[in-house]
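Student: Structure, please.
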Amino acid sequence: MYIQYSTSVPTRSLRRRISNRKKSITKPIPNESKFQDTISKLPPRFTPEELSDAITLEEDLFLCFHLFNWASQQPRFNHGNCSYHIAIRKLGTAKMYTEMDDIVNQVLSVRHIGNETLYNSIIVYFTKVGKLIRVVNIFRHMVTSKNLECRPTIRTYHILFKALLGRGNNSYTSHMYMETVRPLFRQMVDSGFEPDVFALNCLVKGYNVLSLHVNDALRIFHQMSVVYDCEPNSFTYDYLIHGLCAQGMTISARELLSEMKGKGLVPNGKSYNSLVNAFALSGEIDDAVKCLWEMIENGRVVDFISYRTLVDESCRKGKYDEATRLLAMLREKQLVDRDSYDKLVNVLHKDL
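Tutor: So this is what the prediction gives:
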């Protein structure tokens, strides 16, 4: 008998079904004796709090899931927020998202169960695995829930902002996610929540660093103290300086740097590296060198790209002696290793 096999590449859905089938076959079987021992320690009419304590103490995560399901089948027992929460936390931490999803569905099916803390934890774990559609559905459930304890708080919006802005891997994708963040921010304000520095920094980062909309970021920055009664912090300035340098707006970046230092704030390594590169590329070699040494004095780490850009642009401007002295000082102060030093010397010789 002749059997013809398909030579086409399996579809994504087929590969997922095969993977799920393998996982179900290889799913571990709970240790029955250990399971019975855990059950025996529970009182006859145990409460959700007592079940939560038992799940907390249990190190076998699959046994925790089995214990939770066993308790669900017991007569006259109903899970509470605490037992749902600890089970979701343990399974989410262990990345057992399929089992966690089963428990989340149980939470959503019971109207009187749930609170803001529980749903925030669910959102956190779903964002880690990239299930943003599931996150949005959970958030909508919180907004429309008749249980006031389930309504979103400022913490919920923080989690959503961070999740959405962490998804973009290029400026176009980040811009598309910003189109979701903006109405979400307006909804937060319309719900009566005063934007804090974290929420406003998320907008600044989204506009400036990720989607490269510098003017929108500066608008939020100037509104922080005037409109929202919220003072910018070091993260605000770092996001803005990095974005301005990426656009070659060194004058504005220098003004923000001066304002930042006037408030006693120190830029992070990313901001300093951005400044060194931007100054060097715009021909402001002396400012770039000054910024480099200031960065080192403040204990920030200089990356190799900044060193290379500064040496390369110094040579382009004909400042070979300055570049040579800079390399000598870097070697003398042991700020670069042997391999990096040799690469920088090659850059210098190539431009001679």
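
Student: which residues touch the residue nearest to residue 100 when sequence neighbours are not counted?
Tutor: Excluding the flanking residues, the one nearest residue 100 by C-beta to C-beta, 6 or more residues apart in numbering is residue 91, at 4.0 Å. Any C-beta I mention is one placed from the backbone N, CA and C, and that applies to glycine too. Contact analysis of residue 91 by C-beta atoms under 8 Å, 6 or more residues apart in numbering lists 61, 64-65, 97, 99-100, 103.

Student: Make a markdown table from those and add neighbour count to it.
Tutor: Shown next, in a markdown table, are those (neighbours: other C-beta atoms under 10 Å):
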| residue | neighbour count |
| --- | --- |
| 61 | 18 |
| 64 | 24 |
| 65 | 23 |
| 97 | 17 |
| 99 | 22 |
| 100 | 23 |
| 103 | 22 |
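
Student: Tell me the one of the residues you listed nearest residue 215?
Tutor: Set against residue 215, the nearest of the contacts of residue 91 by C-beta to C-beta is residue 97 (39.9 Å).

Student: measure that closest one to residue 70 for me?
Tutor: Remark: distance between residue 97 and residue 70 (C-beta to C-beta, to the nearest Å) = 21 Å.

Student: now do residue 85
Tutor: Separation of residue 85 from residue 70 (C-beta to C-beta) stands at 18 Å.

Student: try residue 323
Tutor: 72 Å.

Student: Give me the more crowded residue out of these two.
Tutor: More crowded of residue 323 and residue 70, by other C-beta atoms under 10 Å: residue 323, with 25 against 15.

Student: Distance-wise, check that one relative to residue 226.
Tutor: For residue 323 relative to residue 226 (C-beta to C-beta), the value is 45 Å.

Student: Inside strands: which ones of the contacts of residue 91?
Tutor: Per DSSP state E, strands hold no members of those.

Student: now, the most widely separated pair of the residues you listed?
Tutor: 64 and 97 (14.6 Å).

Student: so where do the helices sit in the stretch 51-200 of the chain?
Tutor: 61-72, 81-93, 97-109, 116-128, 132-144, 154-165, 171-190, 197-204 (DSSP state H, counting those that start in this stretch).

Student: Among the ones you listed, which comes closest to residue 261?
Tutor: Here helix 197-204 is closest among the helices of the stretch 51-200 of the chain (C-beta to C-beta), at 18.8 Å.

Student: which parts of the helix or strand that comes right after the closest one are buried?
Tutor: As assigned by DSSP states H and E, the chain's next helix or strand after helix 197-204 is helix 214-226. Buried residues in helix 214-226, defined by neighbour count with 16 or more other C-beta atoms under 10 Å: 214, 216-218, 220-221, 224.

Student: tell me what the next helix-or-strand element following helix 214-226 is packed against?
Tutor: As assigned by DSSP H and E, the chain's next helix or strand after helix 214-226 is helix 234-246. With contacts defined as 3 or more C-beta pairs under 8 Å, 6 or more residues apart in numbering; DSSP states H and E, helix 234-246 has these neighbours: helix 197-204, helix 214-226, helix 250-262, helix 269-281.

Student: what residue ranges in the stretch 151-300 of the chain score low on pLDDT?
Tutor: 167-175, 209-212 (pLDDT under 70).

Student: so what pLDDT did the residue nearest to residue 100 get?
Tutor: Looking at residue 91, its pLDDT is 93.

Student: so how far is residue 104 from it?
Tutor: 10 Å.

Student: again, but for residue 346
Tutor: To residue 104, residue 346 is 56 Å away according to C-beta to C-beta.

Student: Look at those two and report which has more neighbours.
Tutor: Higher neighbour count among residue 346 and residue 104: residue 104, with 23 against 12, using other C-beta under 10 Å.

Student: ok, for that one, nearest residue in space, not its chain neighbours?
Tutor: Here the residue nearest residue 104, using C-beta to C-beta, 6+ apart, is residue 122, at 5.6 Å.

Student: Could you report the neighbour count for that neighbour?
Tutor: Neighbours around residue 122, by other C-beta under 10 Å: 28.

Student: how far away is it from residue 112?
Tutor: The gap separating residue 122 from residue 112 is 17 Å, by C-beta to C-beta.

Student: And residue 160, by the same measure?
Tutor: Distance of residue 160 to residue 112, given as C-beta to C-beta: 25 Å.

Student: who's more crowded, the two?
Tutor: Applying other C-beta under 10 Å to residue 160 and residue 112 shows that residue 160 carries more neighbours, namely 25 against 9.

Student: and that one, what is it in contact with?
Tutor: Contact analysis of residue 160 by C-beta under 8 Å, 6+ apart lists 123, 135, 139, 184.
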